[in-house]
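[1] Generate a structure from the sequence data that follows.
(2 chains)
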Amino acid sequence: MAPQIPQLDYEALGLMAGVEIHQQLATRSKLFCRCPVRVSHGDSPADAELIRHMRPTLSEMGAYDGTALMEFRTRKNVHYLLYRDNVCTYEMDDTPPFPLNREALEVALEAALLLGCEPVDEVHVSRKQYLDGSIPTGFQRTAIVGAQGWVPVGSRRIRIAWLTLEEDSCRERGDRRHEIYFAADRLGTPLIEVITHPDCRTPDEVGATVAAIARAVRLTGRVRRGAGAARQDVNVSIRGGTRVEIKGVPRIGSIPRLVAGEALRQRDLLDLREELGRRAMRPDDSYSFSPITRPGTDVPGPLCMAVRLPGWAGLLLRRVGPGRTFADEISGRVRVVACLDDRPNLFHSDGGSSAADWAALRRTLGAEDGDALVVTWGDERDTRTAAEEIVARAREAFAGVPSETRQVLAALPGATDFERILPGADRMYPDTDTPPTAIRADTVETLRAAHPTLPGPRWERYRALGLSAELSSSLVRSGRASLFDRLHSGTRLAPGLLASLLTDWLTGLARGGVETGAVDDDRLGELLALVASGELCRTALEPVLRELAADPDARAREIVERHGLQPMTAKELDALCRAAAADPEVRSIAEPARRLRQATGVAVRRAAGRTDGARLLPTLETILIGDTHPIANPSR
Amino acid sequence: MPDGRKGYRGVALRKLEEWDVAVWADVEVDTDRGSFRGVILPRAETEDDLHVVLKLQHGYNLGVRADRIRRMHQVARKEAAYKIPEKEFPFDSGRPRVKLLGTGGTIASRLDYRTGAVIPAFTPGELYGAVPELADVCNLETEKLFGIFSENMTSKEWIAIAKAIGREIERGVDGIVIGHGTDTMHYTGAALSYMVQRSPVPIILVGSQRSSDRPSSDAALNLRNAVRAAAYSDAAEVMVCMFGTTSDRWALLHRGTRVRKMHSSYRSTFRTIGDVPIARITPESFEPIRTDYTPRRRDREVEIDAVFEDKCTILYYYPNMQPDVVDALVGAGYRGIVIAGTGLGHVNRALFPAIERAIAKGVAIYMTVQTLWGYTQMHVYDTGRDLIHMGVVGCGNMIPETAFIKLGWALGKTRDLDEVRRIMLTPIAGDLTDREPFDGYVVLQGGLPEVEAFLRQHPL
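    Numbers count the residues shown, from 1 in each chain, chains lettered A, B, ... in the order given. Below you'll find the predicted structure:
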């Protein structure tokens, strides 16, 4: 069941969010080797296997990265699964990179332009460390291709910091204790990553931003589709909190809830910090842990360790994010860093075993009633690591929100769990295996020419036509923008009307179940041109569109003719109005204004879209007023 | 400014001068396409003179075309302090003494901003900072002999290493490790096998195929295995200690005269040719593969015979080779030629007159096989018999690189060609063996179902 996320005032919370969108490119070969880019091998057995370990190394600026050290503590055996058809010695990290795939660079440049980014003058490949094992080299080769773009989202501009071209990592096939398995088939697939500034202010805006960027990137026509071809990370912080990255969000639809969940988590952590202050607790209080004999419960594993958290009694079950507690925060860290991944991996004195057991343990450890106790167990080295992590996580509560990456908990919508410490710039250094690549001005111009209507300039043009910011955004992202441009210059339809027909009207129908996507720009254009030339009333648009959607071969004019939907002639209109005025129900109403309204309603119904109310009104008025006030109509 | 504007030339250099900024300046840059904030990095001299390289705040680098730059404003200065945390190596009187001699290569390295390449680096404390596990194995002492890429090794370096080894053995170390670039490690392995005779302790050459600035580097594990071998191995020979598989699984100890680098980039690139290695080193154990090695001794006696004749070469034979190649070598004063011949040890007849002229001038000519595996057998065909008749001497199953080193060493010792011949044909340190075991040539052929089945069951 989905946990409740209270409605929060995001402006007051100071919510800031940005996204990182990863999109695989549909190139023939991988980014740095000549292996074909192809579908994954799923769960099928590998043709060969490789075992490696990762050690932290030094960045260009000479410091160890925090994440790197954390990953090193986990001491994982990393198994790589190799497949004959699309893994070579490059992916095995046994052959240096081949020259950067020019086809991929071109698609990345095109995507950069579509997002209003300026291409960089010279592409430099960097190494971004990943010690989780997901890349056999221990780093991802990545390069900035464009910078400083933006996408329109609602009435706002969301700025794009940069777009990078990089190699995709391995697919994780399993992670159990100290053994982690990665399939190398996906490794090296060209990927673009689009990184926005933290410009989003509401959870919904984050979802809309991802959708807008995904659509823009798809315009290249050279991106991979299907499961896993696009993944997004979401960065969230609130005022007083810290940037936290939610990794690998699979569905765009789940983003708003995750952002709301993270905002709540950060607020809960800040509230917890306040509570620690109220209790006059300090991070340098005496935290301790020691091995214990097994308590009453039957605990597996050779070592059992009790951790004393001074003053923490009653705090471990406080809510931290939707459906989660502070104990879950601790448990997540123990799972990842100490590799104790059988749940539960800890017991604590705020819940679980009987009070009597805890009282005995308190005496053994010299803990007071106000202290919380956490017990963890397992392999000796892991359990020691776990105890250290429990203390570390409790101490971080004094700082508020730790900077970390979090993974989506599929079973608990909106909730996340610890993945790793958020890496910093200390994990980047130049790739000494690849020379810089200058981007030629003529390459950029050729690509620009292929897309005369990039989203940013287009949006500005629509604003200049007098469309609202919101309508302009909807139009740009609607996929009907080129149709708008064509009809705007070729017909007399008012831009506002045309834009809202192409956006709100179509969206409304789609929501009502009409397959509007089945009506291509050509057929839709014909339909709207009929309205523009007065050959069809706006009121008859819907039945025609429904038929167009249902029958891919149907054309608007032929439907209009078949059903006789042409606008009424003056004679037909006059007859319609007279019949409406003669309707017994209309005649039964004495009050003139109500009578007119009733008659209009009857006429519109009987017109079946062939005329609109505005056109009926003058005739109906003449007839009805003549009817009630004979003096006013001397002819009778 | 110490680093100045290194690597920058032309347009880019003028732009830096115009705004009075230099390498490591943290700058705001306004261009006609937007603004950037980042640190100016040195530029590789081999790259063009049109771009300024910036490291942005999030760590990415990019090149900005100098002619687009409108303004540069220095905010701060951030010089890279690339340094492995340095700690003093702990001493434990119960542990063996191991001496690590540094010669360069990527066993320890850092980035060079001038060329953007990895350059060798070597200090003892750095090594301990990077590979603290070494302290569990031994008491390590280190000395940097020189820092060069292994392709730049010359006889001068081989001699210097040999002499340093002699010195350290006399000082009483229990084992010696030599950090070395992998490209020519097998040449040095052969050279030390001849120049250091009767060593009482193991002498281990080690390097890495992935530089130590990379998380996936094999450097730390190789170094650890090498140090363990030096400290505890019972084989007092010159050996190469490198990955036996590309996985982080185990290392092999190869004899210095029979080992060869067989892949330009694979981790398990070193193979014993025409024989089996001496031992396997797993994380937990030493597994001897053969028992006929020279055992460790407690005495401190060693013969250092560090000489080399530089006018010695390998001639890699190919069909259609013209005889003037041989004449040219003789004309240039070469005194020894090791031919890597085809098949059982052949060259074409067109070369015969030139070879006869060379031998008449006192050039020592020895034959090896470019197949690497197998023996010279010059009595089987006429060509071989004719070559023997001219005075070309077959080297049996000595691998060409080893024969080249041995010939240079022998010619360094004596001008007497009979003595040279005696030295060449006397087996030393396993360079020439009487018999090739049935498993001395096991190069599994990929694609065969039974081999694929094996690969599925055993990590590469």
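[2] Which helix or strand lies directly C-terminal to the helix or strand hosting A:Glu245?
    Element membership for A:Glu245 (DSSP states H and E) is strand A:244-249. Next helix or strand after strand A:244-249 toward the C-terminus (DSSP H and E): helix A:255-278.
[3] between that next one and strand A:244-249, how big is the angle?
    When axes from the mean of the first three to the mean of the last three C-alpha atoms, to 10 degrees is applied, the directions of helix A:255-278 and strand A:244-249 differ by 150 degrees.
[4] what's helix A:255-278 packed up against?
    helix A:10-13, helix A:203-218, strand A:230-237, strand A:244-249, strand A:416-421 (3 or more C-beta pairs under 8 Å, 6 or more residues apart in numbering or on different chains; DSSP states H and E). The C-beta positions use only the backbone N, C-alpha and C, and glycine is treated the same way.
[5] Show the pLDDT at B:Ser217.
    Predicted confidence (pLDDT) for B:Ser217: 88.
[6] hey, which strand is longest across chain A?
    strand A:139-153 (DSSP state E).
[7] Tell me the strands beside it, with direction?
    strand A:118-119 (antiparallel), strand A:126-129 (antiparallel), strand A:156-167 (antiparallel) (DSSP bridges).
[8] How far off centre is the second one?
    Averaging C-alpha coordinates over strand A:126-129 and over its chain gives two centres that are 24 Å apart (C-alpha atoms, centre = their mean, to the nearest Å).
[9] What average pLDDT does it get?
    Strand A:126-129 comes out at a mean pLDDT of 88.
[10] Ok, the shortest one next?
    Along strand A:118-119, the predicted confidence averages to a pLDDT of 92.
[11] Give me the next element, helix or strand, following it.
    Criterion used, DSSP H and E; the element after strand A:118-119 is strand A:122-123.
[12] Spell out whether that next one and chain B are in contact.
    Yes - using C-beta under 8 Å from any C-beta of the partner chain, strand A:122-123 comes into contact with chain B via A:122-123.
[13] strand partners of that strand, parallel vs antiparallel please.
    strand A:437-438 (antiparallel), strand B:61-65 (antiparallel).
[14] and for it, what are the contacting residues?
    Contact partners of strand A:122-123, identified using C-beta atoms under 8 Å, 6 or more residues apart in numbering or on different chains, comprise A:100, A:105, A:143-145, A:165, A:436-439, B:51, B:53, B:62-65.
[15] at 6 Å instead, please
    Applying C-beta atoms under 6 Å, 6 or more residues apart in numbering or on different chains, the contact partners of strand A:122-123 are A:143, A:436-438, B:51, B:63.
[16] Looking at the residues you listed, which is nearest A:Ala532?
    Set against A:Ala532, the nearest of the contacts of strand A:122-123 by C-beta to C-beta is A:Ala143 (48.0 Å).
[17] residues touching the residue in the stretch 251-400 of chain B positioned nearest to chain A, list them.
    Nearest residue of the stretch 251-400 of chain B to chain A, counting by C-beta to the nearest C-beta: B:Tyr266, 4.6 Å away. Going by C-beta under 6 Å, 6+ apart, B:Tyr266 touches A:94, B:246.
[18] can we see that at 10 Å?
    For B:Tyr266, the contact set (C-beta atoms under 10 Å, 6 or more residues apart in numbering or on different chains) comprises A:89, A:92-95, B:209, B:243, B:245-246, B:460.
[19] what do you get for A:Arg610?
    A:536-537, A:539-540, A:560, A:563-569, A:572-573, A:576, A:604.
[20] at 7 Å what do you get?
    A:537, A:540, A:565-568 (C-beta atoms under 7 Å, 6 or more residues apart in numbering or on different chains).
[21] B:Val338 too?
    B:314, B:366, B:368, B:400, B:403-404, B:407.
[22] Heading C-terminal from the host helix or strand of it, find the next helix or strand.
    B:Val338 belongs to strand B:336-341 when assigned by DSSP H and E. As assigned by DSSP H and E, the chain's next helix or strand after strand B:336-341 is helix B:352-360.
[23] List the buried residues for that next one?
    For helix B:352-360, burial by neighbour count (16 or more other C-beta atoms under 10 Å in any protein chain shown) applies to B:352, B:354-356, B:358-359.
[24] CA atoms of stretch A:432-450 as CSV?
    Extracted in CSV, the C-alpha atoms of stretch A:432-450 (Å, rounded to 0.1, in the frame of the first residue of the first chain):
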residue,chain,number,x,y,z
THR,A,432,44.9,9.9,-20.8
ASP,A,433,43.9,7.3,-23.4
THR,A,434,41.9,9.6,-25.7
PRO,A,435,43.0,12.9,-27.4
PRO,A,436,40.7,15.9,-27.3
THR,A,437,38.3,16.3,-30.3
ALA,A,438,37.7,19.7,-31.8
ILE,A,439,34.1,20.3,-32.9
ARG,A,440,34.1,21.7,-36.3
ALA,A,441,31.9,24.8,-36.9
ASP,A,442,30.5,23.3,-40.2
THR,A,443,29.4,20.1,-38.4
VAL,A,444,27.4,22.3,-36.0
GLU,A,445,25.9,24.3,-38.8
THR,A,446,24.9,21.2,-40.7
LEU,A,447,23.1,19.9,-37.6
ARG,A,448,21.5,23.2,-36.9
ALA,A,449,20.1,23.4,-40.4
ALA,A,450,18.5,20.0,-39.9
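[25] Report the mean per-residue pLDDT for it.
    Mean pLDDT, stretch A:432-450: 85.
[26] just stretch B:169-187 next, same as before
    pLDDT averaged over stretch B:169-187 gives 95.
[27] How far off centre is it?
    11 Å.
[28] Now name the helix or strand holding the nearest residue to A:Trp505 once chain neighbours are set aside.
    Distance criterion C-beta to C-beta, 6 or more residues apart in numbering or on different chains; nearest residue to A:Trp505, sequence neighbours excluded, is A:Leu541 at 7.7 Å. Here A:Leu541, judged by DSSP H and E, is contained in helix A:541-550.
[29] Could you pick out the longest helix of chain B?
    As assigned by DSSP state H, the longest helix anywhere in chain B is helix B:155-171.
[30] Only C-alpha atoms, please: export that one in PDB.
    Output of helix B:155-171 as PDB, limited to C-alpha atoms (Å, rounded to 0.1, in the frame of the first residue of the first chain):
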ATOM      1  CA  SER B 155      72.400  -1.800 -21.200                       C
ATOM      2  CA  LYS B 156      73.400   1.000 -18.800                       C
ATOM      3  CA  GLU B 157      70.300   0.400 -16.800                       C
ATOM      4  CA  TRP B 158      70.500  -3.300 -16.800                       C
ATOM      5  CA  ILE B 159      74.100  -3.000 -15.400                       C
ATOM      6  CA  ALA B 160      73.000  -0.500 -12.800                       C
ATOM      7  CA  ILE B 161      70.200  -2.800 -11.600                       C
ATOM      8  CA  ALA B 162      72.500  -5.800 -11.500                       C
ATOM      9  CA  LYS B 163      75.000  -3.900  -9.400                       C
ATOM     10  CA  ALA B 164      72.300  -2.600  -7.100                       C
ATOM     11  CA  ILE B 165      71.100  -6.200  -6.600                       C
ATOM     12  CA  GLY B 166      74.600  -7.200  -5.700                       C
ATOM     13  CA  ARG B 167      74.800  -4.400  -3.100                       C
ATOM     14  CA  GLU B 168      71.500  -5.300  -1.600                       C
ATOM     15  CA  ILE B 169      72.300  -9.000  -1.300                       C
ATOM     16  CA  GLU B 170      75.500  -8.100   0.500                       C
ATOM     17  CA  ARG B 171      73.500  -5.800   2.800                       C
END
